[in-house]
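J.: Predicted model and sequence follow; I will ask about them next.
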Amino acid sequence: MPAKIYHRKNNRYKDYDYSSDGFYFVTVCTQNHKHLFGDIENNRMVLNRYGKIAEKYWVGLPGHYTNCTLDEFVIMPNHVHGIIIIDNGRRERSLTVPRSSLGKNLENAWNGQRPFPTKYGLPEIIRGFKAFSSLEINAIDENADFHWQKSFYDHVISDENALYKIREYILNNPPKWDSDKNHIANICELE
């Protein structure tokens, strides 16, 4: 009997330029939805050292990809939700921080690596986040064997009303963790 071949669904819009200016909602999950970034305590996310590394590289994205700005985001036990703004006119501007900044100086989160001089699209920005965060997590813990899922979810935010609703969703994600579709207890079948 031949082995089953699984074809991953392409999440991207066909013929859409993901390097174009706009607001993008993304969700990036750990492989097999493993809870690796911390725990929800009193309806708030408490990051462990892996979660802090994920946060460092997320917040450092605008310093590495200069056409990228961040809006709301949250690191959850097994995924990251965030809004990335691609603004190709921003390349010469200074680093901006998320609206819900944690009050930390994270401008040098990428250890002084220089920004790319060209405009990159959303898939490249997420690839960089996943690659650099994975490298550091696996470097500090040789037994971590940390991996992200191969793809990520994205949604092109079309208007201010949608932006507002997505911001609210992100901010209210920790208190709703027990019913979250990414919570391992709520996943019937892992891919």
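T.: Happy to help now that I have it.

J.: Tell me the confidence at residue 167?
T.: You'll see residue 167 listed with a pLDDT of 96.

J.: check contacts around it.
T.: Residues near residue 167 by Cβ atoms under 8 Å, 6 or more residues apart in numbering: 71, 72, 83. Placement of C-beta: from N, CA and C, glycine included.

J.: and it, helix, strand or coil?
T.: With DSSP: H, G, I helix; E, B strand; the rest coil as the basis, residue 167 sits in helix.

J.: going forward can the numbers begin at 831, since that is how I track them
T.: Taking 831 as the first residue, the last one we looked at is residue 997.

J.: so where's this structure uncertain?
T.: The chain contains residues with pLDDT under 70 at 831-844, 920-948, 1017-1021.

J.: Strands along that one, start to end?
T.: Ranges of strands in the chain, per DSSP state E, are 852-859, 868-871, 874-877, 898-905, 909-916, 983-987.

J.: can you list those in JSON lines and add distance to residue 950 and mean neighbour count?
T.: Formatted as JSON lines, those follow (distance: least, Cβ to Cβ, whole Å; neighbours: other Cβ atoms under 10 Å):
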{"stretch": "strand 852-859", "distance to residue 950": "13", "mean neighbour count": "20"}
{"stretch": "strand 868-871", "distance to residue 950": "29", "mean neighbour count": "16"}
{"stretch": "strand 874-877", "distance to residue 950": "27", "mean neighbour count": "15"}
{"stretch": "strand 898-905", "distance to residue 950": "8", "mean neighbour count": "22"}
{"stretch": "strand 909-916", "distance to residue 950": "9", "mean neighbour count": "22"}
{"stretch": "strand 983-987", "distance to residue 950": "14", "mean neighbour count": "17"}
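
J.: could the ones you listed be laid out in JSON lines, adding distance to residue 889?
T.: Shown next, in JSON lines, are the strands of the chain (distance: least, Cβ to Cβ, whole Å):
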{"stretch": "strand 852-859", "distance to residue 889": "14"}
{"stretch": "strand 868-871", "distance to residue 889": "16"}
{"stretch": "strand 874-877", "distance to residue 889": "12"}
{"stretch": "strand 898-905", "distance to residue 889": "7"}
{"stretch": "strand 909-916", "distance to residue 889": "10"}
{"stretch": "strand 983-987", "distance to residue 889": "19"}
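
J.: All set, thanks.
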